[in-house]
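Enquirer: this one's sequence-less:
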């Protein structure tokens, strides 16, 4: 089973940037679609971004398009989420997700999940 560990969360002022990382412990990482999902206090989990195993195609939620960029390094078994122009509404726990099918990440039904990392954006 794939194990995912996120890092890079923290407190930032509105307009600032953060980069999240997610390291995967699997020998088949390059076969997995990977993504990010977030959950704000009192709200349901929300899809943020996902990329195919090759990184050739990345999908973003409308709320983060143009501000967030997801990338992956298959040699390091790691994916990243670069978050720029952060807003208070981006405050949430961010979860890394992995699945053989990208669609399963989009519908929040991924096979593997990390423990989450807190991102807090102050106004």
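Expert: That came through, no problem. Please read these numbers as outputs of a predicted model, since none were measured by experiment. Residues are numbered from 1 along each chain as shown.

Enquirer: In the protein, what residue spans correspond to helices?
Expert: 102-106 (DSSP state H).

Enquirer: Pretty sure residue 69 sits against residue 85.
Expert: No - between residue 69 and residue 85 there is no contact under CB atoms under 8 Å: 11.4 Å. Just so you know, the C-beta spots here come from the backbone N, C-alpha and C atoms, and that holds for glycine as well.

Enquirer: Give me the most central residue, the chain.
Expert: The residue at the geometric middle of the chain, judged as the C-alpha nearest the mean C-alpha position with CA atoms, centre = their mean, is residue 36 (2.3 Å).

Enquirer: Just list the residues touching the residue lying closest to it once chain neighbours are set aside, thanks.
Expert: Excluding its sequence neighbours, the residue lying closest to residue 36 (CB to CB, 6 or more residues apart in numbering) is residue 48, at 4.2 Å. Residue 48 makes contact with 35-38, 60-61, 64, 68, 81, 94, according to CB atoms under 8 Å, 6 or more residues apart in numbering.
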